[in-house]
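Enquirer: curious how this folds, go ahead:
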Amino acid sequence: MEQTPYLTIVIPAYNEVALIEQTLDLVANFLAERNLSAEVLVVDDGSTDGTADLSEAALKRLGLCGRVLRQNSNVGKGAAVQRGMREGKGQLLLMTDADLSTPLEEYEKLAKALAAGADIAIASRGLKQSRLEPPQPWWRQSLGKLYGLVRRLILLPRVVDTQCGFKLFTAEAAHEVFSRQTISGWAFDAEILYIACLLGYRIVEVPVTWRNRRESKVRIFRDVWRVLRDLLAVRFRHRHLARSRRRSENS
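Expert: I've put the predicted structure just below:
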């Protein structure tokens, strides 16, 4: 029988040919140094630059257990992460951005939170102990704070940072949460955490070092109304879970 890996690492990728080999090199070194049993899933979100082929070659060259999951078209990061999380076989499942803005070493902090009883541990850039190297430009910080304010009014008032792309789930939490995900765009992080909260999973925010390696591909000004629409849609679509949670709390 095929052995279940301890950890699944899910890496969504869209036109990342410039950095995906370096990322997988770092992943291989990280796993080898810790002797972790792991599978690596690169989810190619309809790239047009050869990212998928290069990833397959790198996985083979490095001897990594894993594979490339190819999306037929560019649907969105949320859809890519969802596919990886639903197909991952690990006891723990880690999602991380392709540029490793949150260094892989921060995994140990998240794993410690799960060992202490959390179901989901999320990297947070908004906690006092977090370090941003370098800090984001002032306008992007202001925009992030504005989004956070609006998001907290609609969803998850107690979560400081939903958008950092470094999150660790138990297998049970991952499969229950991502099977209910409906958003494929930027707001998917808020949706999965909202679903997890409604299902009663314990979420812990963990301070991390975060490195602003490149300009984000997301354009909030362009997509602001779509993001707002998606947040409201999440609240509406999962209202049955919210009602079930309230009944459970009142019983």
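
Enquirer: which residue ranges of this protein form helices?
Expert: 20-34, 51-62, 77-87, 107-115, 138-154, 171-178, 188-198, 220-237, 239-250 (DSSP state H).

Enquirer: closest one to Pro12 among those helices?
Expert: Nearest of these to Pro12, taken as Cβ to Cβ: helix 77-87 at 3.7 Å. For every residue, glycine as well, the C-beta is placed using N, CA and C.

Enquirer: and the angle for the closest one with helix 220-237?
Expert: Going by axes from the mean of the first three to the mean of the last three Cα atoms, to 10 degrees, helix 77-87 is angled at 50 degrees with respect to helix 220-237.

Enquirer: which secondary structure elements does helix 77-87 contact?
Expert: Judged by 3 or more Cβ pairs under 8 Å, 6 or more residues apart in numbering; DSSP states H and E, helix 77-87 is in contact with strand 7-13, strand 38-44, strand 66-70, strand 92-95, helix 171-178, helix 188-198.

Enquirer: can you list contacts of the longest one?
Expert: Taking Cβ atoms under 8 Å, 6 or more residues apart in numbering as the criterion, the residues outside helix 188-198 that touch it are 76-79, 81-82, 119-120, 122, 151, 155-156, 159, 162-163, 165, 167, 173, 177-178, 180-183, 203, 230-231, 234-235, 238, 241-242, 244-245.

Enquirer: and for the fourth one?
Expert: Taking contacts as Cβ under 8 Å, 6+ apart, the residues outside strand 92-95 that touch it are 6-10, 12, 81, 84-85, 107, 110-111, 114, 165-171, 174.

Enquirer: pLDDT on that strand, on average?
Expert: Summarised as a single mean, pLDDT over strand 92-95 is 98.

Enquirer: list the pairing partners of it within its sheet, with orientation.
Expert: When pairing is defined by DSSP bridges, strand 92-95 lines up against strand 7-13 (parallel), strand 167-170 (antiparallel).

Enquirer: determine how far it lies from the middle of the whole chain.
Expert: 8 Å (Cα atoms, centre = their mean, to the nearest Å).

Enquirer: hmm, Gln3 is touching Ala38, no?
Expert: No: between Gln3 and Ala38 there is no contact under Cβ atoms under 8 Å: 11.4 Å.

Enquirer: the more surrounded of the two?
Expert: Using other Cβ atoms under 10 Å, the more surrounded residue of Gln3 and Ala38 is Ala38, with 21 against 8.

Enquirer: who's in contact with the more buried one?
Expert: With Cβ under 8 Å, 6+ apart, Ala38 has these contacts: 5-9, 31, 65-66, 90.
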